[in-house]
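A.B. asks: Here you go, sequence then predicted model.
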Amino acid sequence: MAPQHPSARSRAASRHRAGTAPSGVVHVNVRHTDHYTVVGNHLAQHRALSLVAIGLALHIQSLPAGAKVGIKAIADRFPEGEVRIATALRELEAHGYLERSRVRTEDGRLVTRTVSYNRPRTPGGPVPDPPPPPPPAHRAAVPEPEPVAAAVAQAVAQAPAPVAEPRPAAEVPPTAAARQEAVDLLARLRADDPRLLLAERDVRQLAPGVTVWLDRGADPEAVRQVLSGNLPADMRSPAAVIGYRLRAGIPPRMPTAPAPAPQARRPDPFQDCDGCDRVFRSPVPGRCDDCPPPGGPAVENAA
């Protein structure tokens with residue numbers, strides 16, 4: 001008979017349930033009853049979207065209707081800079097999770113309307129989810145509610161149509177002097193902020209954008225202040241910040257000055273006719289149109 005060891009420790013019980021994966025993530029899920037947002041795995045596990053874009057889409061879907069989702073509003077809420085947020089918004093637009101358009105309000109202002117889709121849109125409409133599995137035999141099938149995207153599409157259809165903005169005229173190719181002025185302006189930005197020390201390659205790429213501003217009548221000093229003022233604290237790519245500001249803030253063309261109104265011609269002064277003493281208008285004294293020229297009848301009588 002084998003000896004007993006009453007002081008030996010018993011086998012330690014596992015902290016995980018049977019069947020739990022020995023490595024990797026282990027989920028501890030608590031059922032939410034309020035203050036939660038439902039997100040599909042097509043977004044949470046998207047293969048093409050960046051992590052910033054996925055997180056931004058989740059944040060936008062959790063906001064109430066009417067919340068501000070502009071680049072500056074989001075940058076004030078999160079530590080990411082305006083450039084990364086703008087890139088993430090463009091990703092969501094490209095993959096059908098966002099739709100931004102310019103609309104005119106009742107008081108005539110142009111504002112940006114943003115529509116967030118919890119399922120990505122395609123040219124033919126929202127991407128349908130796979131059909132749900134059939135319900136068990138002992139439970140009655142519950143009809144699926146109409147997709148939220150259909151309600152959003154109806155609201156968008158009832159909203160006022162965006163006002164089509166006129167297409168800009170073709171830009172005139174800049175002269176060598178204009179290109180050099182743009183290059184010099186970009187090179188001097190480091191005097192306003194040492195972080196704006198741009199590489200020569202970046203200056204050459206950004207110079208055409210500056211020439212467009214100057215060609216549209218913008219003052220060089222005003223352009224410099226727009227590009228170097230109010231820079232983000234976390235600026236990892238100065239060239240990207242300058243490029244975004246040049247594209248997003250391009251000013252309209254300077255309107256042409258109206259042609260001067262033609263001055264009304266003053267009437268001729270009054271003159272006394274030398275022949276009949278009637279008053280008539282003429283730039284110089286003389287005879288009216290009804291009187292013959294001086295000496296006319298006398299010449300005829302002499303003949």
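C.D. replies: Received, thanks. Residues are numbered from 1 along each chain as shown.
A.B. asks: all contacts plus neighbour counts: C-alpha atoms, from now on.
C.D. replies: Will do.
A.B. asks: show me where pLDDT drops low in the protein?
C.D. replies: 1-21, 122-173, 295-303 (pLDDT under 70).
A.B. asks: ok, the nearest residue to Val226 once chain neighbours are set aside to Leu227 distance?
C.D. replies: Spatially, and ignoring its direct neighbours in sequence, Val226 is nearest to Arg245 (7.9 Å; CA to CA, 6 or more residues apart in numbering). Look at Arg245 and Leu227: by CA to CA, to the nearest Å, they are 7 Å apart.
A.B. asks: neighbour-wise, which of these two wins?
C.D. replies: Applying other CA atoms under 10 Å to Arg245 and Leu227 shows that Leu227 carries more neighbours, namely 21 against 16.
A.B. asks: ok, that one - contacts?
C.D. replies: 242, 245-246 (CA atoms under 8 Å, 6 or more residues apart in numbering).
A.B. asks: element containing it, please.
C.D. replies: In this assignment (DSSP states H and E), Leu227 forms part of helix 220-228.
A.B. asks: So which bits of that helix are buried?
C.D. replies: 220, 223-224, 227-228 (16 or more other CA atoms under 10 Å).
A.B. asks: Run through the strands of this protein in chain order.
C.D. replies: 98-104, 110-116, 121-122, 125-126, 270-272, 279-281 (DSSP state E).
A.B. asks: Save those as TSV, and put in distance to Pro208 too.
C.D. replies: Below are the strands of the chain laid out as TSV (distance: least, CA to CA, whole Å):
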stretch	distance to Pro208
strand 98-104	26
strand 110-116	27
strand 121-122	35
strand 125-126	38
strand 270-272	64
strand 279-281	62
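A.B. asks: Need these in a markdown table (columns: distance to Asp202 and mean neighbour count).
C.D. replies: Listed next are these as a markdown table, based on distance: least, CA to CA, whole Å; neighbours: other CA atoms under 10 Å:
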| stretch | distance to Asp202 | mean neighbour count |
| --- | --- | --- |
| strand 98-104 | 29 | 16 |
| strand 110-116 | 30 | 16 |
| strand 121-122 | 36 | 16 |
| strand 125-126 | 40 | 16 |
| strand 270-272 | 74 | 16 |
| strand 279-281 | 73 | 15 |
